[in-house]
Structure formats: structure tokens, C-alpha cells
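> Got a sequence here, can you model it:
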Amino acid sequence: MQDFLSVVSGSLVGLVLGIVGGGGSIIAVPLLLYAVGIGSPHLAVGTGAIAVSLSAFANLLNHAREGMVKWPCAMSFSAAGMAGAWAGSSLAIQVSGDLLLALFGLLMVVIGALMLARRNAEGNPDIRLSFATARQLLPLLLLIGFGVGALSGFFGIGGGFLIVPGLMLATGMPIVYAIGTSLVAVTVFGAATAGNYAASGLVDWRIAAFFIIGGLAGGGIGTMAGRRLGARKGMLGMVFALFVISIGIYVSWKAFSPLFG
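Numbers count the residues shown, from 1 in each chain. Presented below is the predicted three-dimensional model:
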């Protein structure tokens, strides 16, 4: 039954990624905890990080083929973020499971609010990291990359909804390029986090495999559904953001309630 629930939960994450274009990873940990039944928040974070990384890589290939990835910006941001993800995941392993879960729930609320506030902002599609622009772009790319990577590693999420605004803030690129470029960082951050947790024995490889299988199937269905829904993606994104906020409130309540007796 747990294997079946892992496939179903992975399918739901992939479906959300396919339809909405991001955010599926933020529900991976709650699904692993409450649907699949992984007993430890740390084990859920480590197992979910692997699925997040591989799902992002699959989506990255599509965006790269369409020329929507700013590779020099992505590499600089990801290099700094990988160090941050390792530091964040190392810290998270030392934090109690209840506190980690409570903070994760609060982060879900914040990310849901960011999703509601996100708009198709204009930017410079020709922006690129080069010797001429390095003095202006590189410091912010490295600083914001490390900070977002640390949050991603601490909570075991891909961090796409943190990385996208981070890239836009650091470079001024349009959101369509920020989404494609962010997938490089999501892949790297997830791999760094998963590696750290795996080294501590905090990955359930069997559940991860079934979760990933479900994610690939759900992602294919979600992509086809997303094409058909077209103009309704904005509404679906809003509904999903409210869903993320609701789950975040529930996760925080579940984690905080024992502290208040």
C-alpha cells in the first residue's frame, strides 16, 4: 500500500508541475509525511529532495531546447546556491523534527503568498552575464543564490518560487527566462540536499523510486492538460497558491500544537 501511495503522491506532484509550471515540490514533503506515511520529517525531506531534483532536470531539458535558459547566470547562481543548500541541509539535520516541520509550514504560507503576488513582470530579455556585466550582476547572483540555496537545503524543496524572483531581482531578466533558468538551480539544490541527507542515511530509496515513477507519469498528463487549459493557468495557479497556504497552515498547526499542550 505504501508503494502505491508513493506513486499516487508522486503523480500529484508531477501533475501540478505540468499544469501550473512549478510549485509541485512544495507539497512533496507533506504528501510523504501524511499520505505515504513516512514517520520522520527528516526522512521525508531527504526522500523528497531526490524527486524534486530529477523532476526539475526533466523540465529543464524542455526549457533548454526552447532557448529559455540563461546558462552563465544559471551556473553562477547555482554554484553559490549549492554551497548554501549544503549549509542549509546540514543545519536542518541538527534541528528537531517538530521545529523543522513547523518552519516548513510557515514557509509554505510565505511561498503561497508569493505565488499569489507574482505577475508577468517586464524585463530585459537580452540580459547576460559576461565580462562587461560581471561587476554589476555577479555579486547579486552569488549573494542571492547562496541565500535561496540555504533555504532550499534547509527545507528540502526545489525552491523554484524563491529562485525565480531571486533571479529577476539579481539580473532584471523577464519571468519567462527566470523560470527556465531557475530549473538549473532547482536541479542542483535538490541534488546537493539529497546528497547530504543520503550521507546521513535519511533517504528511503524504495519510496523515492516509486515517487519518481509517479511524478514522471503525472508530469506527462499535467503537461498535456496544461496545453488544453491554456488561458485558465492563471486561475489554476491562484487556486494552487491558496491550496499551498492552506496546507502550510495545517502543517504548522500540527507541528506547533504539541508545544502548547
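
> which secondary element of this protein has the worst mean pLDDT?
helix 233-256 (a mean of 77; mean pLDDT, DSSP states H and E).

> who does it touch, helix- and strand-wise?
In terms of contacts (3 or more CB pairs under 8 Å, 6 or more residues apart in numbering; DSSP states H and E), helix 233-256 is packed against helix 2-20, helix 97-117. Bear in mind the C-beta positions are built from the backbone N, C-alpha and C, glycine included.

> Can I get that helix in CSV? Just the C-alpha atoms.
Extracted in CSV, the C-alpha atoms of helix 233-256 (Å, rounded to 0.1, in the frame of the first residue of the first chain):
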residue,chain,number,x,y,z
LYS,A,233,-3.5,28.6,-16.0
GLY,A,234,-3.6,31.9,-14.1
MET,A,235,-6.8,30.8,-12.3
LEU,A,236,-5.3,27.4,-11.6
GLY,A,237,-2.1,29.0,-10.2
MET,A,238,-4.2,31.1,-7.9
VAL,A,239,-6.2,28.0,-6.7
PHE,A,240,-2.9,26.1,-6.1
ALA,A,241,-1.4,29.0,-4.2
LEU,A,242,-4.4,29.1,-1.9
PHE,A,243,-4.1,25.3,-1.5
VAL,A,244,-0.4,25.7,-0.6
ILE,A,245,-1.2,28.3,2.0
SER,A,246,-3.9,26.0,3.5
ILE,A,247,-1.6,23.0,3.7
GLY,A,248,1.1,25.3,5.2
ILE,A,249,-1.3,26.4,8.0
TYR,A,250,-2.3,22.8,8.7
VAL,A,251,1.4,21.6,8.8
SER,A,252,2.3,24.4,11.1
TRP,A,253,-0.7,23.7,13.4
LYS,A,254,0.2,20.0,13.5
ALA,A,255,3.8,20.9,14.5
PHE,A,256,3.1,23.7,16.9
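
> what angle do it and helix 97-117 make?
Taking axes from the mean of the first three to the mean of the last three CA atoms, to 10 degrees, helix 233-256 and helix 97-117 form an angle of 160 degrees between their directions.

> quick one on the thing from earlier: lowest-confidence stretch among the helices and strands packed on helix 233-256?
With a mean of 80, helix 97-117 has the lowest mean pLDDT of those.

> Just the buried residues of it, please?
Within helix 97-117, the residues that qualify as buried are 97, 100-109, 111-112, 115, counting by 16 or more other CB atoms under 10 Å.
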